[in-house]
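Peer 1: Can you look at this prediction? I've put the sequence above it.
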2 protein chains.
Amino acid sequence: MMDLYPSRVDDKPVILERKDPVIYTKDPAAGPLDAEQLEFYQKNGYLFFERFFSEEEVRELRNELRRLWDANRDSDAEEVIREPESREIRSIFAVHRNSDTFKRLSQNQRLTDIVKQILGSDVYIHQSRINYKKGFAGKEFYWHSDFETWHVEDGMPRMRALSCSISLEDNYHFNGPLMVIPGSHQYFLSCVGRTPENHYRQSLRRQEYGVPDQDSLTWLVNQHGIDALTGPAGSVVLFDCNIMHGSNGNITPLPRSNVFFVYNSVENRLVEPFSGQSPRPEFIASRER
Amino acid sequence: MMDLYPSRVDDKPVILERKDPVIYTKDPAAGPLDAEQLEFYQKNGYLFFERFFSEEEVRELRNELRRLWDANRDSDAEEVIREPESREIRSIFAVHRNSDTFKRLSQNQRLTDIVKQILGSDVYIHQSRINYKKGFAGKEFYWHSDFETWHVEDGMPRMRALSCSISLEDNYHFNGPLMVIPGSHQYFLSCVGRTPENHYRQSLRRQEYGVPDQDSLTWLVNQHGIDALTGPAGSVVLFDCNIMHGSNGNITPLPRSNVFFVYNSVENRLVEPFSGQSPRPEFIASRER
């Protein structure tokens, strides 16, 4: 298969135009998103739904989050990722398989109807995780396009996937909310440097490959600015697989845990990684239907 | 002299009430601050002045900032503090002595009239510095009360000093603006742990002593919340020496450099450090008039 989005092959960064649609539905009027919402997503690469889930739903999800924290405190399971400088749990992957509560959540029809409309097909979960982001010492996530990694390391061929982030705490400007560069999903930033084999364990804790260069990021921000996505617990952000995003650290006492589902179109199933290396394990990049 | 604010002497943190006034003027109606501004400062411990300096003044200050950056690139001067993990300049101290431009700025009468009104006496510069806070990799400053350090390490007897931060770039929510806990200046958080001799070189790059505990910080934030101080370049924040403040890191391309003057009342001159150790050098804590 031809590599439409080569990355980590050159010595210098290149900015390519997106070669895929952003919205795939053949019948935009069918809903659930209306024309204005579709246009916003097309242009900006994301949509924000305030209080998509009720307080009661959030309470239940937060209980499950805590249960999993306790259950995995001493776990050596590979799905459990810890902070670089401590034993604190940073993320737990594959929660759509290992937790009934989160499995049901990933199949929530109000949500999946929107996802299917955008991607114009049936979908499956490519990746899921919970991020704990405790207060005081929450570390930053540097800028990245998820697609760059999923393409190079997992063999996702085209930009036909999206992420859904469900906040389980109130997101303020000052506790490290998700930041996106609106409109950046229209460009592919090809990164420099080769990826070592089996580096994924390290990269889930701290990214070293597939990191965009500062000049390209400055160019993007000068063109499009930055949107920080804040709002009460239960709010949902849907964002395109290729949007440039990141988050600052969080020294406040206020935690910022969230649940994260990546939906991929069934017409965009993974092939061999474009890096030519071994694929990452199932719990990071699902190859099953 | 009796130590009204003991810190770094106990094994567990203690929260003490402030024993000093916040506003010292004997004639509040004399200005330049009006009653509403004085009341805000009394209650919250800070005041924000949007565009206190004009665009032209900011341009001149920014030029001087750049000139000092270039002039000190390879300097071994003790006033030049570098980032913990690189040779990048983080701060330059004592700019009110070593730069004519910043000396004039520190004596700006519109500013010093306000400072003298709050502190109710003549004042002198206890400390000055410029912070560069470049984009992409600006590190966080963890929560702290300046007074805690100035008291323990420099021998500042009472809470009768304030800081003035002049922003030379636009401050957004997402590029690591100054965060304060309004009202926290009414409490003194006594910290745990003894200070090693001559640790100041390290502490200017990364704080390890005089760090407030998480329970006390949580208590303060639950009571008073957090204000992030954002606004265009040329804006000024005045804040009480004992207000709890900090800033998150900054992964955005947008820098956040500022100039920083600490004014102390001439009636609050430094004595021997309350730690019983040697005082820190002049460029950090001035002992001259």
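Peer 2: It's in.
Peer 1: List the contacts of the residue positioned nearest the centre of chain A.
Peer 2: Centrality entry for chain A: nearest residue to the mean C-alpha point is residue A:163, 4.7 Å, by CA atoms, centre = their mean. With contact set as CB atoms under 8 Å, 6 or more residues apart in numbering or on different chains, residue A:163 has these partners: A:146, A:237-239, A:241, A:260-263. Bear in mind the C-beta positions are built from the backbone N, C-alpha and C, glycine included.
Peer 1: Please enumerate the helices of the stretch 101-250 of chain A.
Peer 2: For the stretch 101-250 of chain A, helices defined by DSSP state H, counting those that start in this stretch occupy the ranges A:109-119, A:146-154, A:200-203, A:214-224.
Peer 1: Give me whichever of these is most buried.
Peer 2: Stretch with highest mean neighbour count among the helices of the stretch 101-250 of chain A: helix A:146-154 (a mean of 25; mean count of other CB atoms under 10 Å in any protein chain shown).
Peer 1: Which elements pack onto it?
Peer 2: Where contact means 3 or more CB pairs under 8 Å, 6 or more residues apart in numbering or on different chains; DSSP states H and E, helix A:146-154 is packed against strand A:161-167, strand A:187-190.
Peer 1: could you give the angle of that helix to strand A:161-167?
Peer 2: With axes from the mean of the first three to the mean of the last three CA atoms, to 10 degrees as the basis, helix A:146-154 and strand A:161-167 are set at 120 degrees to each other.
Peer 1: residues near the closest residue in space to residue A:266 that isn't next to it in sequence, how many?
Peer 2: Closest residue in space to residue A:266, ignoring its immediate chain neighbours: residue A:122 at 4.6 Å, by CB to CB, 6 or more residues apart in numbering or on different chains. Look at residue A:122: counted by other CB atoms under 10 Å in any protein chain shown, it has 13 neighbours.
Peer 1: Spit out the contact partners of the residue of chain A found nearest chain B.
Peer 2: Closest approach between chain A and chain B, counting by CB to the nearest CB: residue A:173, at 3.7 Å. Listed by CB under 8 Å, 6+ apart, the contact set of residue A:173 reads A:228, A:230, B:173-174, B:228.
Peer 1: pLDDT below threshold where in the stretch 101-250 of chain A?
Peer 2: A:198-208 (pLDDT under 70).
Peer 1: how about the residues of it near chain B?
Peer 2: Within the stretch 101-250 of chain A, the positions near chain B by CB under 8 Å from any CB of the partner chain are A:135-136, A:140, A:142-143, A:172-174, A:176, A:179, A:214, A:217-218, A:221-222, A:226, A:228, A:246-250.
Peer 1: circling back to that earlier point, tell me the most buried of the helices and strands packed on helix A:146-154?
Peer 2: With neighbours taken as mean count of other CB under 10 Å, the helices and strands packed on helix A:146-154 reach their highest mean count in strand A:161-167, at a mean of 25.
Peer 1: And the strands in the stretch 1-150 of chain A?
Peer 2: Using DSSP state E, counting those that start in this stretch, the strands assigned to the stretch 1-150 of chain A run over residues A:14-17, A:46-49, A:80-82, A:89-93, A:123-131, A:141-145.
Peer 1: Save the ones you listed as JSON lines, and put in mean neighbour count too.
Peer 2: Below are those laid out as JSON lines (neighbours: other CB atoms under 10 Å in any protein chain shown):
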{"stretch": "strand A:14-17", "mean neighbour count": "12"}
{"stretch": "strand A:46-49", "mean neighbour count": "20"}
{"stretch": "strand A:80-82", "mean neighbour count": "17"}
{"stretch": "strand A:89-93", "mean neighbour count": "21"}
{"stretch": "strand A:123-131", "mean neighbour count": "22"}
{"stretch": "strand A:141-145", "mean neighbour count": "21"}
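Peer 1: Determine which of these approaches residue A:110 most closely.
Peer 2: Across those, residue A:110 has its closest neighbour in strand A:46-49 (9.5 Å, CB to CB).
Peer 1: List of residues touching the closest one?
Peer 2: Contact with strand A:46-49 is made by A:33, A:37, A:40-41, A:180, A:182, A:227, A:229, A:231, A:235-240, A:243, as judged by CB under 8 Å, 6+ apart.
Peer 1: swap the cut-off to 6 Å and go again
Peer 2: Identification of contacts with strand A:46-49 by CB atoms under 6 Å, 6 or more residues apart in numbering or on different chains yields A:41, A:180, A:229, A:236-239.
Peer 1: do stretch A:3-13 as well
Peer 2: Residues contacting stretch A:3-13 (CB under 6 Å, 6+ apart): A:19, A:148, A:151-152, A:188, A:190-195, A:213, A:216, A:274.
Peer 1: before we move on, the earlier item: so the residue nearest to residue A:266 is in contact with residue A:268, correct?
Peer 2: No. At 10.9 Å, residue A:122 does not count as touching residue A:268 under the criterion of CB atoms under 6 Å.
Peer 1: Spit out the contact partners of the residue nearest to residue A:183 when sequence neighbours are not counted.
Peer 2: Distance criterion CB to CB, 6+ apart; nearest residue to residue A:183, sequence neighbours excluded, is residue A:224 at 4.2 Å. By CB under 6 Å, 6+ apart, the contact set of residue A:224 is A:181-183.
Peer 1: ok so, going back, could the contacts of stretch A:3-13 be laid out in TSV, adding distance to residue A:86?
Peer 2: TSV is the format used below for these (distance: CB to CB, whole Å):
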residue	distance to residue A:86
A:19	42
A:148	28
A:151	32
A:152	29
A:188	35
A:190	34
A:191	28
A:192	31
A:193	28
A:194	30
A:195	26
A:213	30
A:216	32
A:274	34
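Peer 1: Appreciated, that's everything.
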